[in-house]
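J.: Sequence plus the predicted model coming up.
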Amino acid sequence: MSNLSLDELTLNIAALHAERRRLARQAMTPQAAMVFDLVPALLHCQHPALPGGEEEAPHGVNGVEDQPLRRRLANRLGIETQTPVQHDIQAVYSMGSTGTLGQTRCSDLDIWVCHRPSLGAAQRAALEAKCQRLTDWGKGQGMDLTFFLIDPDEFRQGNKQGMSGESCGSFQHWLLLDEFYRSAICLAGQLPVWLLISPDDRRPYLQAKAHLFANGVDPEQWIDLGAPDPIPPDEFLGSMLWLLYKGIENPYKALLKLTLMSVYARQFPKVKLLSNEFRRALHQGETEILALDPYVQLEAYLARQGLAPADLEMARGCLYLKCGGDNLMELSQHHAQVLGDLAQSWGWDLARRQQFQAHRDWPLVELKQWHQRLREQMLAGLHEARELFRRTGTVSRLCPIELTVLSRKLDATFAEKPHKLPQLCLPPGVDVGQPTLVVKADDQWQLNCPQSGKTLYQWTELPGLLAWCLLNGFITNQTELKLECDKLDLDTLDSLCRSLTWLSQKPDPADQILAQPAQLERAQILINLEQDATDHIKVKRSDLDCDPLNFGKDREVLVNELTLVLRNTWGEAMVQTFRGERALAELLLVLLPLLPKDALANKRVHIHCFASQLGETIAHRVMDLIAKAQERLAQGPWTLCVGNSKWVFWRQAGELRWQEMTDPVAFYARLSAAKLEQQNRAQDHQVPPPVYGHALCGLVQFFFINRQDGYSLYVSNEHNQISYYHYPAMDKANLVTLISRFYTQKESLCPSTTFNLPQYYELSENEEGWQMQPLTTTTLSEP
């Protein structure tokens, strides 16, 4: 039972929120604090001259003292407003790090606007427009605001808005509510009724709430957002995937939450939610603001869970850095003192604290090792959720389309693939750009830090080494490269680095791009960088119009080394080098399937030739060859002649194939047999061209066609083999859910391999031919 009366508990809850509001202002700049103070007033009052002054937008916060809010607007903005005649908003909250130990000067504000459930679609749209204007106004004041519109009735049922850069869509609900209850600050309006229910009350939530309302608690003064438990097993998986995605930009905060989710997953089904620990402390009369701080409670909770010492130490390190431990000068004296006392309670001596305080200036090797461990631990947390999801065998509520898009984002960042450049989990504010780096060559190319002499990174080829450094921000426009090898000169090194600077521009692919197969965004082809076949030849004036692939009477190939550096539309960067007479043919086999069929090669492919002679001629010849191959392969087989060798390329079932032409008769007999086999497989139906046209090795793709008696389904597997099915009655949305569930549980989601999930498309045919679009939530619901 609770140790406090309801009146005492209510006063303590109100006092806690007031103190958190005070701490929030204390940690902000004066301009940011002004925004923080005005947000509830701007949502309460309506006036065309106010920021966000949407004319017909719902406004008026229920249960607030009207005059102080209107006076605040008059004093700060000089605008007199009227008392609202309506109260469309039940409560306004900030949640997350605001008002906690985790708040720093660069923290943004996540605002929940809980409106009355009876708002119509037009009213919601107007309120959303008002919040967008407030977001724009806040940005102009130096404060990042993100508003979330919450319908309490829909929220209690687990209905969420679609996934976006900030909204987690279907991936979290109960776990998000768990975080809300322990971190939210009420800026105006009603407090959550869940806090009044004793954690020792064993009755179902609805009964416990009804008991409160029947015994003196006024339901008009409290908001009901539901209980954070029980948590469905699939939400642990969805939450882990979402947190990994957020960890791309903020790994410290993400790892803390991932560690908590791992603990929860291991406890299932008897999960001891941290929000219940927070509620228990309130009911026992705890009023010390530090003891109720979400970050302090999180660390104490994790310390009691029997984590491996290295995992607990990593979590504590992330908490220290998330709370500003590497930038103490920007924290208030009180905040810095509390953080220091907390670190001392962990057993950290002065040297350990100073080490983390200097985190932004760590040697590159240490920084790289730290973030590699961070990445590994973040990925390891996903295993607990996957095992739980598989063990319980429940039906997933996760939206298949959102799951597909999110998996693409994670696959592009975390998945390990041949020739792919790994990305470090470097948080904002950590500048790893170096004034000087030393390039060396032994068995492999190495990049060394001149201060320590240690190797930062190594790669078998120089372009891969430089590309990795540009991708992760180690090389900037101000970096001076030094060379300690005799394989090439410094001018060539600088020229190579300049040709790859486009890799330093981080892409942010839109969801509709991620819902489609990965295609080539940009490619850089580097020719004869280390091995130059033109070194030994004598070039005459008449040779300027020669064919560098069949040079002179001996038909020499002057292209003997090619490095392909590319980035696809999902944001993945890859480097691959080809050598010898087969180099050009092997490069085409990799490059051509990634080129969009309607794209001009010279718009996406750039060539840099390092040959000492005929460099421009070689570059033009290779570019013309790529364009010709792309054009000719759309019509049928195409032959490539290089030196004394011939290769034939052709497309079969969506896959680019090749074979050296040693026996033309045998080759064309094989090609004819393959076509005949394909026709026999089709039998009574013709496979639509987009199915073969979009098939990609390594991906499973599902193509739906609506029919009068149901729908047809074509499935292209990882080997581009096509299967056909017809479903006269089965619900399409249910089928997609079952398919997604199967692949979610497969080992293909193992963190050490790939996150890739199936792709879904809708096909239709009209007068203009076949049309294809990614299957969306809207099209999924259509008959």
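T.: That came through fine.

J.: which residue packs closest to the spatially most central residue of the chain, ignoring adjacent ones?
T.: Among the residues of the chain, residue 245 comes closest to the average C-alpha position under CA atoms, centre = their mean, at 3.5 Å. Excluding its sequence neighbours, the residue lying closest to residue 245 (CB to CB, 6 or more residues apart in numbering) is residue 409, at 5.4 Å. For every residue, glycine as well, the C-beta is placed using N, CA and C.

J.: Give me the residues contacting the strand or helix carrying residue 343.
T.: Per DSSP states H and E: residue 343 is located in helix 333-345. Here helix 333-345 makes contact (CB atoms under 8 Å, 6 or more residues apart in numbering) with 26-27, 101, 290, 296, 299, 316, 320, 323-325, 328, 331, 352-353, 356.

J.: so after that helix, what's the next helix or strand?
T.: Per DSSP H and E, the first helix or strand lying C-terminal to helix 333-345 is helix 350-357.

J.: in the helix or strand following that following helix, what's buried?
T.: Proceeding N to C from helix 350-357, the next assigned helix or strand is helix 364-392, under DSSP H and E. Of the residues in helix 364-392, 364-365, 367-368, 370-371, 374-375, 377-379, 381-386, 388-389 count as buried by neighbour count, 16 or more other CB atoms under 10 Å.

J.: got it, and stretch 339-350?
T.: Buried, per 16+ other CB under 10 Å, within stretch 339-350: 339, 340, 342, 343, 346, 348.

J.: Turn those into a markdown table, including pLDDT.
T.: Putting these into a markdown table (pLDDT from 0 to 100) gives the following:
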| residue | pLDDT |
| --- | --- |
| 339 | 93 |
| 340 | 93 |
| 342 | 95 |
| 343 | 95 |
| 346 | 96 |
| 348 | 95 |
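
J.: Just list the residues touching the closest residue to residue 89 other than its chain neighbours, thanks.
T.: Once flanking residues are discounted, residue 89 sits nearest to residue 61: 4.7 Å by CB to CB, 6+ apart. By CB under 8 Å, 6+ apart, residue 61 lies in contact with 40, 43, 44, 69, 87, 89, 90, 91, 92, 188, 189.

J.: follow-up on the earlier one: report pLDDT for the residue nearest to the centre of the chain.
T.: With respect to pLDDT, residue 245 scores 82.

J.: For it, which residues are in contact?
T.: Going by CB under 8 Å, 6+ apart, residue 245 touches 406, 409, 410.

J.: Measure how buried the last one is and give me the count.
T.: If I follow you right, that is residue 410. Counted with other CB atoms under 10 Å, the neighbours of residue 410 add up to 23.

J.: Same check on the first one?
T.: Look at residue 406: counted by other CB under 10 Å, it has 26 neighbours.

J.: related to what we said a few turns ago, just to be sure, the residue nearest to the centre of the chain is in a strand?
T.: No: per DSSP: H, G, I helix; E, B strand; the rest coil, residue 245 lies outside any strand segment and is helix.

J.: ok, back up a step: between the contacts of residue 245, which sits nearest residue 107?
T.: Residue 107 has its nearest neighbour among the contacts of residue 245 in residue 409, at 23.6 Å by CB to CB.

J.: so the closest one touches residue 515, yeah?
T.: No: checked against CB atoms under 8 Å, the pair residue 409 and residue 515 is beyond contact range at 11.2 Å.

J.: before we move on, back to that, which single one of the buried residues of stretch 339-350 is nearest to residue 511?
T.: Among these, and counting by CB to CB, the member closest to residue 511 is residue 339, at 37.8 Å.

J.: Could you measure from the closest one over to residue 34?
T.: Residue 339 sits 26 Å away from residue 34, going by CB to CB, to the nearest Å.

J.: residues touching residue 506, list them.
T.: The contact partners of residue 506, by CB under 8 Å, 6+ apart, come to residue 571.

J.: Report the contact partners of the nearest residue to residue 615 once chain neighbours are set aside.
T.: Nearest non-adjacent residue to residue 615, counting by CB to CB, 6+ apart: residue 609, 4.1 Å away. Contact analysis of residue 609 by CB under 8 Å, 6+ apart lists 526, 527, 528, 615, 616, 618, 619, 622.

J.: What of residue 315?
T.: For residue 315, the contact set (CB under 8 Å, 6+ apart) comprises 255, 256, 259, 299, 302, 307.

J.: cutoff 6 Å now
T.: Counting by CB atoms under 6 Å, 6 or more residues apart in numbering, residue 315 makes contact with 259, 302.

J.: now do residue 277
T.: Residues near residue 277 by CB under 6 Å, 6+ apart: none.

J.: buried sites along stretch 442-453?
T.: Of all the residues in stretch 442-453, those buried under the rule 16+ other CB under 10 Å are 445, 446, 447, 448, 449.

J.: Now the element after the strand or helix carrying the second one, going C-ward?
T.: Using DSSP H and E, residue 446 sits in strand 445-448. Using DSSP H and E, the helix or strand that directly follows strand 445-448 along the chain is strand 455-459.

J.: Kindly spell out which helices and strands sit in contact with that next one.
T.: Applying 3 or more CB pairs under 6 Å, 6 or more residues apart in numbering; DSSP states H and E, one finds that strand 455-459 contacts strand 445-448.
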